[in-house]
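1. any chance you can model this:
(chains A and B)
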2 protein chains.
Amino acid sequence: MALIDVKTLERNEAGIAKVCGALKEIFGERFQTGQAIREQHGHTATYIPNQVPDGVLFVETSGDVQKAVQLCAAEKVPVIAFGTGSSLEGQLNAAAGGVSLDFSRMNRIISVNAEDLDCVIEPGVTREQLNDYLRDTGLFFPIDPGANASLGGMASTRASGTNAVRYGTMRDNVIALEAVMADGRLIRSAQRARKSSAGYDLTRLLVGSEGTLGIITKLTLKLYGQPQAISGGVCSFPDVEAACNTVMATIQMGIPVARIELLNTLQVQAVNAYSKLDFPEQPCLFVEFHGSETGVQEQAELFGEIAAEYSGGPFAWAKEAEKRNALWKARHNAYWAACALRTGEQFGALSTDVCVPISRLAECIKATEADIAENGLVAPIVGHVGDGNFHVLVVMDMKDPDDVIKAEAFVSRLNKRAIEMDGTCTGEHGVGQGKMAYLDLELGEAVDYMRMIKKALDPDNILNPGKIFSL
Amino acid sequence: MALIDVKTLERNEAGIAKVCGALKEIFGERFQTGQAIREQHGHTATYIPNQVPDGVLFVETSGDVQKAVQLCAAEKVPVIAFGTGSSLEGQLNAAAGGVSLDFSRMNRIISVNAEDLDCVIEPGVTREQLNDYLRDTGLFFPIDPGANASLGGMASTRASGTNAVRYGTMRDNVIALEAVMADGRLIRSAQRARKSSAGYDLTRLLVGSEGTLGIITKLTLKLYGQPQAISGGVCSFPDVEAACNTVMATIQMGIPVARIELLNTLQVQAVNAYSKLDFPEQPCLFVEFHGSETGVQEQAELFGEIAAEYSGGPFAWAKEAEKRNALWKARHNAYWAACALRTGEQFGALSTDVCVPISRLAECIKATEADIAENGLVAPIVGHVGDGNFHVLVVMDMKDPDDVIKAEAFVSRLNKRAIEMDGTCTGEHGVGQGKMAYLDLELGEAVDYMRMIKKALDPDNILNPGKIFSL
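-> Numbers count the residues shown, from 1 in each chain, chains lettered A, B, ... in the order given. Presented below is the predicted three-dimensional model:
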């Protein structure tokens, strides 16, 4: 029993056979059709059942991508871009079979333009690879979704994460991109200038389109100077509402907080147990400030005062990298800490990602906690609350139908609750297959215009079919 | 003789007559067909010849807009949204006739959500109206293109201006919008949540589409807390290169400068004469910092040190609102100061708006100054240099064919120069009719995909036809 009924679309057997034959002939060993490798390239990171592609091409140049897409276009065969496989909503599943393009070898950093605070990279570059490369330049790329995802994948799902409250999401940090379109042509969406009013914003149309409108082959990304100083720490609160009010006041005061993450009581307990820490078993905020030496001190003190007004604190903060790193390591392990709340390898956590206006955040989290309690779920909460975005990690036995049905019903109620509060069912994971049912509910007839765009740009539906919406 | 050959498209006389009759019947006095009012609603702010619409409907609700678009759709008659008429590239011209929708009465501020730092407004609200309304709330909307434009118009052209280096452009500050599409349906592009990965980014597709994909009827905009303190001042430099290097270093250091505007020597002379000021007749930067009391002091001091390294300064800065306001008033009057460089009412200034990577800025401005000198033009330069964006104000006699031809050739060389430097021909004014010739040069085959989107969403080409690209 699967949590979600993944739709299998009609396969074009003759076309697939023809394309696979041609790719083998052209690319030799770089085109793989073994079962294990194909399974790796279907969706793997979540509960969604795997729909394996018919073959995997390890692309090395945009010319390879073009060649592959042209072959697929001629035979109307699906083609799906693969970065590191860390997406969460079935984005990589081959719903109608076809070819997976593995970008792990297209991981060159083409140029770093320090004077312009930008870089040009291939989409297989991961965020950690980029930041390792940048370390000595005094620059960094801030978007951090947790996983060491490829930047092409992060662009495709409009990813964000802990730093988005200060630095924005992938939407804000892609200056331009190159992509192979469904007809096999390679286009450049924009020049490298910081801003432009030159026609439709194709950059932002492709960012977040989950590989359904074009396959990204190059990205120009914004970079930032590594902050002169960083301070950060943990602040406990009597309840979720006090923590949320503190977040709201912090943002409203214009304190340029770099990260502000809420952990509810159960998540604190999980983190304590998993990372051998001893935070008070209360909701808490993990915060970080970037700036000048005096700036981060000022920000931290101001935040402490706000927290105290809402009965939070004391706010213990530190400038030492070591203490901060321990903190953020614990935060990054929140998912594994959650999974460890139930013992047994059949347990996994389903991660939701609703996002609501921050004024509705406390109400949304409280209603969700009540829902969790009522239904006897094990489901800690951790969130990028500066943006109104939070994850419920529903820990469940993937093989127990009762558990699965309960989780499914909970997710449905949560997504609807967020949408009713003028929020979204997905703040950062994307729609993929997992959230298709909620997109119409959220955006109504607007989805029809997405369909029109898809049909215009990919009339044969070869680019990652069966994702985001049904056609 | 016009600077630009404005194309007149084929008119659908029968359809236009039918729609005008129906609008008169439904809306009475709110539908106007007098020559003067029609001329006001064609393009007025520049050298581009006026192509008048056949009638002007003063819309009051999104229902009015829907009704009008539905009538136009049924008869395949053009419909053009009009805010305040301050666009610069012929965006409002009725190239094939049709109906202009005047949004000046759709200027309600629907809600200000202080806790969420956002507001919901009708598109006829102007930026000054919004900021007047916000004054007592402690919030403000930062985008300032100079003119008191309507926010709907600013969204449509992806406008920006002096504050963009810190606060971004309209692209970054529209959270969601409502629009009437070419088939007459009203859609909502997104929820009010701060971020979302829910499907294609229709918000950003409509922002900057110059009324060719949909007509905006509501905007949800980001707001910001009024800075606790502001400091600002003027800093002179021996040459443009030193000023540009200072800008680059300032940005690279991560100083969150709120505005940083370059005036070249001729523009300083013009400003001195027009505003009765006595800045040294050298290139200079007008700068402004927003932050806490200690923050703005720190920023201003750091900036002064950087400027000194490049032989600039001394940097005289002040926190007093009066001194700063005099400065920015002079900056806002730069256009009129430029026009006054030549006496006579036949003189006007054509404002270009190229934008290049900041590392190429000094080179681009120097080459442009050399071009101006070689060709004997009167053309001061003023720019939002923190973004690599600058305006050449080409002062010319609109009735002298020699002047016009010279200006036209200069603009062509300038746009091509910027494009060759990985820049754009338009950083903030949009394409309209004036820059259609450069879009293909800048983005190549990518423009074909814009055409496909236009054809899919507006198959009868009724929304602002003849703009951005030819079909």
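
2. what strands line up against the helix-or-strand element of chain A with minimal mean pLDDT, and which way round?
-> Every helix and strand of chain A was ranked by mean pLDDT, DSSP states H and E. The lowest is strand A:316-318, at a mean of 83. Sheet pairing of strand A:316-318 (DSSP bridges) gives strand A:229-236 (antiparallel).

3. after the least confident helix or strand of chain A, next one along is what?
-> helix A:321-332 (DSSP states H and E).

4. which other residues reach that following helix?
-> For helix A:321-332, contacts defined as C-beta atoms under 8 Å, 6 or more residues apart in numbering or on different chains pick out A:146, A:162, A:230-234, A:261, A:263, A:271, A:274-275, A:277, A:286, A:288, A:318, A:337, A:382. Heads up, the C-betas are built off the backbone N, CA and C, glycines and all.

5. show the contacting residues for A:G168.
-> A:G168 makes contact with A:143, A:160, B:172, according to C-beta under 8 Å, 6+ apart.

6. quick check: phi and psi at it.
-> As for A:G168, its main-chain torsions (degrees, to the nearest 10) stand at phi 80, psi -170.

7. next one, pLDDT for it please.
-> pLDDT recorded at A:G168 is 97.

8. how close does A:M248 sit to A:N163?
-> Applying C-beta to C-beta, to the nearest Å, the value for A:M248 to A:N163 is 19 Å.

9. which residue packs closest to A:V395, ignoring adjacent ones?
-> A:V378 (4.5 Å; C-beta to C-beta, 6 or more residues apart in numbering or on different chains).

10. that neighbour is in contact with A:C339, isn't it?
-> No. A:V378 lies out of contact with A:C339 (C-beta atoms under 8 Å); the separation is 9.9 Å.

11. anything in contact with each of those two?
-> A:V395.

12. tally of neighbours for A:I16?
-> Neighbourhood size, A:I16 [other C-beta atoms under 10 Å in any protein chain shown]: 23.

13. quick one: contacts for it?
-> A:54, A:75, A:77, A:97-98.

14. mind checking which of the residues you listed are in helices?
-> A:E75 (DSSP state H).

15. show me what contacts the residue nearest to A:V395?
-> Taking C-beta under 8 Å, 6+ apart, we find A:V378 in contact with A:266, A:341-342, A:394-396.

16. which of these sits closest to chain B?
-> Nearest to chain B, judged by C-beta to the nearest C-beta, of these is A:V394 at 19.1 Å.

17. just give me the neighbour total for that closest one.
-> Neighbours around A:V394, by other C-beta under 10 Å: 25.

18. pretty sure it is touching A:G376, no?
-> No. Using C-beta under 8 Å, A:V394 is not in contact with A:G376, being 11.7 Å away.

19. buried members of the contacts of helix A:321-332 into PyMOL, please.
-> Buried subset of the contacts of helix A:321-332, written as a PyMOL selection, criterion 16 or more other C-beta atoms under 10 Å in any protein chain shown:
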select buried, chain A and resi 146+162+230+231+232+233+234+261+263+271+274+275+286+288+318+337+382
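
20. coming back round to it: among the contacts of A:G168, which ones are in helices?
-> Among the contacts of A:G168, DSSP H puts B:D172 in helices.

21. out of the contacts of A:G168, which is most surrounded?
-> Top of these by neighbour count (other C-beta under 10 Å): A:S160, with 32 neighbours.
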